[in-house]
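> For reference, the sequence and a predicted model appear below.
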Amino acid sequence: MTWVYWPFRVAITLAALMLVLQAVLAGQFLAGTFGALGMHRDNATYAGIMVLVAAACALLVWRPGRGPLWPFLATLALFGLIAVQIGLGFGRVLAVHVPLGLAIIALCGRLALWSWQAKPAAVAVSA
Amino acid sequence: MNRRRFLAVLGGGAATAVVGVPLVVGVRGASSTGALLPSRCPLPVPFTRPLTVPAVLRPTRTDATTDYYTVTQRPGTAAFLDGVDTRIWGYEGTFPGPTIRSRSGRRAVVTHHNQLPVPVSVHLHGGHTPASEDGFPTDLLFPAGFAGDMSMAGVMTHGTRDYAYTVRQRAATLWYHDHRMDFTGPSVWRGLAGFHLVTDDEEQRLPLPSGERDLPLMIVDRSFDAGGQLRYPSIDGTLLHTPGVTEPYGAGVLGDVILVNGTPWPVAPVAAARYRLRILNASNARRYRLALDPGGVLLQIGTDGGLLPAPRPHEAIELAPAQRFDVVVDFSRYRTGQQVTLVNEFGEGRAGQVMRFHVTGPAPDGSSVPSTLSVDTALSTGDSVATRTFHFRHGTVGGAAGWTVNGEPFAPDRDVARPRLGTTETWRLMSDFHHPIHVHLAHFQVLSRGIGAPGDYDHGWKDTIDLRPAEEATILVRFEDYPGRYLLHCHNLEHEDMAMMAAFTVA
């Protein structure tokens, strides 16, 4: 059942890259590129959707993959943080928005790393 | 290729596409907040047409205290492009308007006739002017017989009105331009701008370059349509009903043709001698970083509010919209026949060039730049009686994207500050994007920029500060002589038209 990890790996990795893009775009509108502000807003939505897709894929890891459930719960929590983050951004609560953005990227990066390091075969044997 | 390598390549590709490409493409940020509006006609060839200097307006009469002028605002044409008459709106029908020269202490009364199809409001930018004469955006001068109902809460006049300037201020390079509510950007774009130069005894005593070697240079960027007419993305081209511009130009309109005194990329013959260049950035949104090529010193002697205490040499100067820099260039440093180009290091492509000087040869030059130019009247933080903070930000204006001061769009009848007449205040100005912040009535001095000292281009008395993205600057503002309601606003004219203004009343 190693295939069940692949959707999650792809989705969570893409999500991580899109979240890093958020930092790139933030840097650019702070450097005066007005168009980057709209892209930062739009990409926040796309990245959130990608995290939601990744959460669905993480469910496959649990069943039928017989892997752990926590990646699904962690990805779902990540989505919750992103929802909060979007609200903080529109509300210009930047003192929280910036560090939370950093935490979101770190968390998503950690999940992506796990997705590639997890050993499905070993999991199956121990189960 | 094994599977591991395949995955590495795939992952690297995804990272490059999603993060790397946007990072590299946008790594330089932007030197101006705005979007380029491309011309739809072939651009003129640079450095082929001679620089012209706007005509100096003669007074219609003078008396013991006052010079009287008459200006008719009317449609006209300009020969920006070979073989094309481009329709403009002009003071006296010209682009730029005529230059008015005043002497400090002598009143100037300018009678404006409005023969344009829209109401107007004339602001003397940098003028230390009574509130009734300051060109408040809702004090409208309608064309005679105007049929539409556009009355606002301000003072409405029809056909003709006087603007009476006391000119109780230092020698300085001022300019006048339209300031009508909601439509300043397109009106100035069409040509409603001109110089108003003030001199005084202190300046006259200096051996600075003068006469033909004192050149006012109004720099603007413009775009043209396929027929060679001015192109501007107004939602309502009549400039009567719906304000604003189509997207993506709400951040500012950048043109791709640089005009100096109304000529694209002109060339000026100059003697191998010192010249005083009074540089005005009258562009709607474009910022410039001006330098000479081949290199040379731009010796700054003045700025918005007049002469500096002492000259300051620069390799380049940065100008936000509405700012003025008076610089002296010594062309005797170049050899006869040399072409010296004024370049814009912030500009891309053709916007990277401004004009060219052609050094014709040696000539007598009795001018010099003394090490002391004017009395140093530095404001002191100890004199400040109040501190106020103003945030200049993108925001929601009437349910749409716009620009705000402290989160609010402009309301002509609401004050954001009520400074006491005769006092000095400390104002903290904070930005999200580039915002050239202009204060009416009161000239100011920059106290700090970010966590440091004033920048290289912040010295002297200013009326407009170049606030860069996500930046804070602190200024000391002195409110003198005239009570009444004035404006604090962003001079990116698209931001101004989309509500980035605030009123304050001096009492």
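Looks like it came in fine.
> Can you check the pLDDT for residue 127?
With no chain named, the answer covers chain A. Residue A:127 carries a pLDDT value of 40.
> Chain B was what I was after
What the model reports for residue B:127 is a pLDDT of 98.
> go on, the one 10 residues further on?
As predicted, residue B:137 sits at a pLDDT of 97.
> Quick one: mean pLDDT for stretch B:398-413?
For stretch B:398-413, the mean confidence score works out to 95.
> And stretch B:292-304, by the same measure?
Rounded mean pLDDT across stretch B:292-304 is 97.
> Centre of the chain to the helix or strand hosting residue B:21, how far?
Using DSSP states H and E, residue B:21 falls within helix B:21-25. On the basis of CA atoms, centre = their mean, to the nearest Å, helix B:21-25 sits 32 Å off its chain's mean C-alpha point.
> Just checking that helix against chain A, any contact.
Yes - under the criterion of CB under 8 Å from any CB of the partner chain, chain A is reached by helix B:21-25 at B:22, B:23. Every C-beta, even on glycine, is put in place using the N, C-alpha and C of the backbone.
> does any bit of the helix or strand following that helix sit next to chain A?
Going down the chain from helix B:21-25, the next helix or strand is strand B:35-36, by DSSP H and E. Yes - shown here: strand B:35-36 in contact with chain A (CB under 8 Å from any CB) through residue B:35.
> What's the separation between residue B:462 and residue B:382?
Distance, residue B:462 to residue B:382, by CB to CB, to the nearest Å: 20 Å.
> Those two: who's more crowded?
residue B:462 (25 against 6; other CB atoms under 10 Å in any protein chain shown).
> so what's residue A:115 closest to, chain neighbours aside?
residue A:9 (4.3 Å; CB to CB, 6 or more residues apart in numbering or on different chains).
> Would you confirm that that neighbour belongs to a helix?
Yes - counting by DSSP: H, G, I helix; E, B strand; the rest coil, residue A:9 is found in a helix.
> That one and residue A:50, how far apart?
As for residue A:9, its distance to residue A:50 is 13 Å (criterion: CB to CB).
> So for the two, which residue has more residues nearby?
Neighbours were counted for residue A:9 and for residue A:50 using other CB under 10 Å; residue A:50 has more, 23 against 19.
> would residue B:47 count as being in a helix?
No - applying three-state DSSP, one finds residue B:47 to be coil, outside a helix.
> quick one: the helices in chain A?
For chain A, the helices defined by DSSP state H cover A:5-30, A:35-62, A:70-90, A:94-117, A:120-126.
> what's near enough to touch residue B:383?
Shown in contact with residue B:383 (CB atoms under 8 Å, 6 or more residues apart in numbering or on different chains): B:423, B:424, B:476.
> Could you rerun that using 7 Å?
Residue B:383 sits next to residue B:424 when contact means CB atoms under 7 Å, 6 or more residues apart in numbering or on different chains.
> before we move on, back to that, I'd assumed residue A:116 was in contact with the residue nearest to residue A:115.
Yes - the pair residue A:9 / residue A:116 is scored as a contact, 6.0 Å apart, by CB atoms under 7 Å.
> Counting neighbours, what do you get for residue 109?
Since no chain was named, I'll use chain A. Residue A:109: 17 neighbours (other CB under 10 Å).
> please go with chain B instead
17.
> Shouldn't it be within a strand?
Yes - judged by three-state DSSP, residue B:109 forms part of a strand.
> what bridges to it?
Using DSSP bridges, the bridge partners assigned to residue B:109 are residue B:68, residue B:164.
> Which among the helices of chain A is found nearest to residue B:366?
Nearest to residue B:366 among those is helix A:5-30; the distance by CB to CB comes to 50.0 Å.
> Tell me the helices and strands packed up against that closest one.
helix A:35-62, helix A:94-117, helix B:3-15, helix B:21-25 (3 or more CB pairs under 7 Å, 6 or more residues apart in numbering or on different chains; DSSP states H and E).
> go with 10 Å
Applying 3 or more CB pairs under 10 Å, 6 or more residues apart in numbering or on different chains; DSSP states H and E, one finds that helix A:5-30 contacts helix A:35-62, helix A:70-90, helix A:94-117, helix A:120-126, helix B:3-15, helix B:21-25.
> what do residue A:9 and residue A:116 both touch?
Counting by CB atoms under 10 Å, 6 or more residues apart in numbering or on different chains, the common neighbours of residue A:9 and residue A:116 are B:7, B:11.
> pLDDT wise, what is the residue nearest to residue A:97 when sequence neighbours are not counted at?
Distances taken as CB to CB, 6+ apart place residue A:88 nearest to residue A:97, at 4.3 Å, with adjacent residues excluded. pLDDT recorded at residue A:88 is 96.
> Also residue A:124?
If you check residue A:124, the pLDDT there is 47.
> Then residue B:285?
98.
> neighbours of residue 70, just the number please.
Picked chain A for this. The tally of other residues near residue A:70 (other CB under 10 Å) stands at 14.
> wrong one, I was asking about chain B
Residue B:70 has 17 nearby residues by other CB under 10 Å.
> My guess is it contacts residue B:161. True?
No - with contact defined as CB atoms under 10 Å, residue B:70 and residue B:161 do not form a contacting pair (11.7 Å).
> what do these two both touch?
Here residue B:70 and residue B:161 have B:110, B:111, B:112, B:113 as joint contacts, going by CB under 10 Å, 6+ apart.
> Now rank these by neighbours and give me the top one.
residue B:110 (24 neighbours).
> my guess is it contacts residue B:92, does it?
No - the criterion here is CB under 10 Å, and residue B:110 misses it with residue B:92 at 11.4 Å.
> What strand or helix carries the spatially most central residue of chain B?
By CA atoms, centre = their mean, chain B has its centre lying nearest to residue B:322, at 1.7 Å. Secondary structure from DSSP H and E places residue B:322 outside every helix and strand.
> got the contact list for it?
Shown in contact with residue B:322 (CB under 10 Å, 6+ apart): B:125-126, B:175, B:177, B:280-284, B:304, B:436-438, B:463-464, B:466, B:490-493.
> switch to 8 Å and redo it
So residue B:322 contacts B:125, B:175, B:281, B:282, B:436, B:438, B:463, B:464, B:491 (CB under 8 Å, 6+ apart).
> Is the residue nearest to residue B:395 when sequence neighbours are not counted part of a helix or strand, or is it coil?
Distance criterion CB to CB, 6+ apart; nearest residue to residue B:395, sequence neighbours excluded, is residue B:404 at 3.8 Å. Counting by three-state DSSP, the backbone at residue B:404 sits in strand.
> Near residue B:404, how many other residues are there?
23.
> so what's it bridging to?
Listed beta-bridge partners, residue B:404: residue B:393 (assigned using DSSP bridges).
> so it makes contact with residue B:393?
Yes - counting by CB atoms under 8 Å, residue B:393 is a contact partner of residue B:404 at 5.5 Å.
> got the contact list for the residue in the stretch 201-350 of chain B that chain A sits nearest to?
As assessed by CB to the nearest CB, chain A sits closest to residue B:251 within the stretch 201-350 of chain B, at 3.8 Å. When contacts are counted by CB under 8 Å, 6+ apart, residue B:251 touches A:34, A:35, B:33, B:34, B:35, B:285, B:433, B:494, B:495.
> still on that earlier bit, tell me which residues touch the residue nearest to residue B:395, please.
By CB under 8 Å, 6+ apart, the contact set of residue B:404 is B:391, B:392, B:393, B:394, B:395, B:396, B:397, B:499, B:500.
> near chain A, which residues of chain B?
So chain B meets chain A at B:11, B:14-15, B:18-19, B:22-23, B:26, B:28-35, B:248, B:251-252, B:393-394, B:433-434, B:468-470 (CB under 8 Å from any CB).
> Neighbours of the residue in chain A positioned nearest to chain B, how many?
The minimum distance from chain A to chain B, using CB to the nearest CB, falls at residue A:31 (2.5 Å). By other CB under 10 Å, 18 other residues sit near residue A:31.
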